[in-house]
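[1] Need coordinates for the below:
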Amino acid sequence: MFEKKLNLTHTIQEEKTFTAIFALFTMFKRADAELYLVGGCVRDMLLNRKPKDYDVCTNLTPDQVKELLEKENKS
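    From the prediction side, this is the model:
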């Protein structure tokens, strides 16, 4: 595996986005589920660009994702 330093400056909105993404990863990890960043955001970060949006994929079915989000929303 290789590491690449990212030199992205972050706005307040980007910090909120990163906080939300981190919360999603934490939620899925607690549920023993996988969650990955995919698509253009990964490419953009590797090229030191600011992503316009973030796409994720998971090993959960849509019904399982809905159940997990509803469960977390009640907490």
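[2] Can you report how many residues neighbour Val38?
    12 (other C-beta atoms under 10 Å). In short, each C-beta sits where N, CA and C put it, glycine included.
[3] So what does it have for phi and psi?
    Summarising the backbone geometry of Val38 under the convention degrees, to the nearest 10, its torsions are phi -140, psi 170.
[4] Contacts only, for it.
    When the contact criterion is C-beta atoms under 8 Å, 6 or more residues apart in numbering, the partners of Val38 are 55-57.
[5] Need the buried ones from the residues you listed selected in PyMOL.
    What follows is the PyMOL syntax selecting those of those that are buried according to 16 or more other C-beta atoms under 10 Å:
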select buried, resi 56
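[6] Looking at the contacts of Val38, which is nearest Tyr36?
    Cys57 (5.3 Å; C-beta to C-beta).
[7] which residues touch the longest helix along the chain?
    If each helix of the chain is counted by residues according to DSSP state H, the longest one is helix 12-30. Helix 12-30 has contacts (C-beta under 8 Å, 6+ apart) with 8, 10, 34-35, 37, 50, 54, 56, 58, 60, 68, 72.
[8] and that helix, which residues are buried?
    Taking 16+ other C-beta under 10 Å as the criterion, helix 12-30 shows 24-25, 27-28 as buried.
[9] Put the alpha carbons of it into PDB.
    Included here for helix 12-30 are C-alpha records, laid out as PDB according to Å, rounded to 0.1, in the frame of the first residue of the first chain:
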ATOM      1  CA  ILE A  12     -16.100  25.200   7.100                       C
ATOM      2  CA  GLN A  13     -18.500  23.400   4.800                       C
ATOM      3  CA  GLU A  14     -15.900  20.900   3.900                       C
ATOM      4  CA  GLU A  15     -15.200  20.200   7.600                       C
ATOM      5  CA  LYS A  16     -18.900  19.600   8.100                       C
ATOM      6  CA  THR A  17     -18.800  17.200   5.100                       C
ATOM      7  CA  PHE A  18     -15.800  15.300   6.500                       C
ATOM      8  CA  THR A  19     -17.500  15.100  10.000                       C
ATOM      9  CA  ALA A  20     -20.600  13.600   8.400                       C
ATOM     10  CA  ILE A  21     -18.600  11.100   6.300                       C
ATOM     11  CA  PHE A  22     -16.600  10.100   9.400                       C
ATOM     12  CA  ALA A  23     -19.900   9.600  11.300                       C
ATOM     13  CA  LEU A  24     -21.200   7.300   8.600                       C
ATOM     14  CA  PHE A  25     -18.000   5.300   8.600                       C
ATOM     15  CA  THR A  26     -18.200   5.000  12.400                       C
ATOM     16  CA  MET A  27     -21.900   4.000  12.200                       C
ATOM     17  CA  PHE A  28     -21.200   1.300   9.700                       C
ATOM     18  CA  LYS A  29     -18.100   0.000  11.600                       C
ATOM     19  CA  ARG A  30     -20.200  -0.400  14.800                       C
END
